[in-house]
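*Asks:* What shape does this take:
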Amino acid sequence: QDKFYFLMRKKTYSEGEKKWMGAERKRGAICDFVRLLKSGDRGDFINASDAYAKMNIKYVITLDADTRLRHNSAAHMAGAMAHPVNMPETDEKTNIVTRGYGIMQPRIGIDIESAGKTFFTKVHTLCGGLDAYSGAASDLYQDIFGEAIFVGKGIFDADVFYRALDRRFPKEKILSHDLLEGSYLRCALLSDVTVSDSYPEKYLSYMARLHRWIRGDWQLADRLKAHVKTETGSEKNPLSLLSRYKIFDNLRRSVLPYVTLRLVTASLLLPAPYSYIILVFVFMTGAYNLLSEIFCAAKLRMKQKISPKFNANIIYGVKRALTEFVLNAVLLVYESYVSADAVIRAMYRMFISKKKLLSWVTAEETEKKAANGYIMHYKRMWISPAFGFSLILLSPFTDGTAVSLICLILGTAWVCAPYIANAISTPVQ
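*Replies:* Numbering: from 1, shown residues only. All right, here's what the predicted structure looks like:
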């Protein structure tokens, strides 16, 4: 029998996007595919046949174009889904999974080729590669509540997916659907199964992806209400308090850069004692990773004899955390600008224009558009040097020599931010 199939959907005209495209993009493709498997409805597929509905497909694994499966990882995911302890149980009224798991998320590693392309990827991807110990971390939600967050790459039960999500969400309203699918199907983290993924090699391509993520998160804000829209009407919100908190937590994290920038600038305008208190608070929160690395290194140093190899790993960890902290401070203005723009744009499209809610660019296309060059970076990141110059001009009028010095240091750093962003995005020779 044939083992490999290629399915392609025809394009339909989207009123919201004003273009011909696959309906509902990736979410629509997955929903149409599951509907084809379970009901035989060909939908928009141009080369489907009735044979697909007779295959009795139990599990579906979703991957991105840049995702790499490790050897036997697919079998391990299917085995975990089929384990009796993990079998999903759905509520008859809401059709969402209440016990067991309808979807499972493997641990996502960074592809070793992607991790070493630029200085930016080296800092933000830890050690990279497929080493299970290089970036191993438990999921807080999984450890405490027995339920993790789905990020789009994993395995799901096709029957449960069809029953819970078929025609469940309103059309052309949802951009980021992974979190919702994981909440409705109840997601588990498979920390012993790893797939590798690529990472944006350029800073601007990373920020473009972040902009899309924030827009998608804010378009889910209405899922916090008591009643939510469906494809045909509305229903009482079936999401648990935990799932709603996950959505809220994404909204909270999306505005942190903007809030941090406002705190920093406000502290520089306040009298000396208050300005120092706020600056120390911002430093402590922003340098959490750095302080954590230093604390862990000191604790290990006191408790046991450390080999030269282990000592080198500690030094690397502290060095990487310090570099990340400095880069975050230098690029704070542009990041806060991007997050604010994404939130405002999402709210405008949701409540006023009602258009371009599915606006999305592939990672490959984003990398092509984010070309290197100092001039291009200064054009795209103009807000940072403008803010930096304003801070430098403000420095003589601040209260205290220390605050004036901080204004000069931060102002100079933000003026140089586009130059630094271009430098860290240049391929390593």
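
*Asks:* quick one: low-confidence parts of this structure?
*Replies:* By pLDDT under 70, the low-scoring segments of the chain are 1, 126-138, 300-315, 370.

*Asks:* Apply 50 and report the result again.
*Replies:* 128-136 (pLDDT under 50).

*Asks:* Let me see the contact set for S404.
*Replies:* S395, P396, T398 (Cβ atoms under 8 Å, 6 or more residues apart in numbering). The way it works is simple: take the backbone N, C-alpha and C, and place the C-beta from them, glycine included.

*Asks:* Okay, buried residues for whichever helix or strand it is part of please.
*Replies:* Using DSSP states H and E, S404 maps to helix 401-415. By 16 or more other Cβ atoms under 10 Å, the buried positions in helix 401-415 come out as V403, S404, I406, C407, L408, L410, G411, A413, W414, V415.

*Asks:* circling back to that earlier point, most neighbours among the contacts of S404, which one?
*Replies:* T398 (21 neighbours; other Cβ atoms under 10 Å).

*Asks:* chain center to the helix holding S404: distance?
*Replies:* 32 Å (Cα atoms, centre = their mean, to the nearest Å).

*Asks:* Also stretch 45-62?
*Replies:* Worked out by Cα atoms, centre = their mean, stretch 45-62 lies 30 Å from the chain centre.

*Asks:* Pull out the buried positions in it.
*Replies:* Neighbour-count burial for stretch 45-62 [16+ other Cβ under 10 Å]: F45, A48, Y52, A53, Y59, V60, I61, T62.

*Asks:* how about these in TSV, adding secondary structure?
*Replies:* Below are the buried residues of stretch 45-62 laid out as TSV (DSSP: H, G, I helix; E, B strand; the rest coil):
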residue	secondary structure
F45	strand
A48	coil
Y52	helix
A53	helix
Y59	strand
V60	strand
I61	strand
T62	strand
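
*Asks:* export the residues you listed to JSON lines and tack on distance to L239?
*Replies:* Listed next are the buried residues of stretch 45-62 as JSON lines, based on distance: Cβ to Cβ, whole Å:
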{"residue": "F45", "distance to L239": "31"}
{"residue": "A48", "distance to L239": "32"}
{"residue": "Y52", "distance to L239": "31"}
{"residue": "A53", "distance to L239": "30"}
{"residue": "Y59", "distance to L239": "24"}
{"residue": "V60", "distance to L239": "23"}
{"residue": "I61", "distance to L239": "25"}
{"residue": "T62", "distance to L239": "21"}
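
*Asks:* Relative to N72, which of the residues you listed is nearest.
*Replies:* I61 (12.9 Å; Cβ to Cβ).

*Asks:* how about the nearest residue to that closest one once chain neighbours are set aside, secondary structure?
*Replies:* Closest residue to I61 apart from its sequence neighbours, by Cβ to Cβ, 6 or more residues apart in numbering: I155 at 4.8 Å. Following three-state DSSP, we place I155 in the strand state.

*Asks:* so how many other residues sit close to I155?
*Replies:* 24.

*Asks:* I214 too?
*Replies:* Residues contacting I214 under the criterion other Cβ under 10 Å number 24.

*Asks:* quick check, it in a helix?
*Replies:* Yes. I214: assigned to a helix according to three-state DSSP.

*Asks:* buried residues in stretch 374-385?
*Replies:* Here stretch 374-385 shows H377, Y378, R380, M381, I383, S384, P385 as buried, counting by 16+ other Cβ under 10 Å.

*Asks:* with those residues in mind, which one is nearest to L251?
*Replies:* I383 (22.4 Å).
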